[in-house]
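Undergrad: Next come a sequence and a model predicted from it.
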Amino acid sequence: MERGDPPTQRSARMSPRSCLVLGLLAGLAGLSLRLALPVTPVDQDFRDVIAFYRSLGPGQAH
């Protein structure tokens with residue numbers, strides 16, 4: 001860092017190690033949320049909607 005550079009330029013860069021740690025923390029947070037929160041099973045109404053849109057074919061569901 002040059003002597004005349006504002007301090008915000010130095011703090012805007014992250015080292016590869018910081019990116020790796022942040023990525024790992026985000027992954028662990030996602031995994032813990034996935035394990036902690038219940039997942040709602042797919043019900044028959046949702047399956048009916050999916051089957052309807054599949055029957056229309058590509059490009060017709062707009």
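TA: It's in.
Undergrad: What segments of this protein are helices?
TA: Assigned by DSSP state H, the helices in the chain fall at 7-11, 16-36, 44-56.
Undergrad: Identify the residues contacting the second one?
TA: Counting by Cβ atoms under 8 Å, 6 or more residues apart in numbering, the neighbours of helix 16-36 from elsewhere in the structure are Met14. Glycine gets a C-beta too; all of them are placed from N, C-alpha and C.
Undergrad: switch the cut-off to 7 Å
TA: Among residues not part of helix 16-36, none is counted as a contact by Cβ atoms under 7 Å, 6 or more residues apart in numbering.
Undergrad: quick one on the thing from earlier: would you mind putting the helices of the chain into CSV with mean pLDDT and mean neighbour count alongside?
TA: Formatted as CSV, the helices of the chain follow (pLDDT from 0 to 100; neighbours: other Cβ atoms under 10 Å):
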stretch, mean pLDDT, mean neighbour count
helix 7-11, 56, 9
helix 16-36, 95, 10
helix 44-56, 92, 10
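Undergrad: Would you mind measuring from the residue positioned nearest the centre of the chain to Gln60?
TA: Centroid-nearest residue in the chain, with Cα atoms, centre = their mean: Gly30, separated by 8.6 Å. The gap separating Gly30 from Gln60 is 35 Å, by Cβ to Cβ, to the nearest Å.
Undergrad: Same question for Arg17.
TA: With Cβ to Cβ as the criterion, Arg17 and Gln60 are 50 Å apart.
Undergrad: do Phe46 as well
TA: 20 Å.
Undergrad: again with Phe52
TA: Phe52 is 11 Å from Gln60, where distance means Cβ to Cβ.
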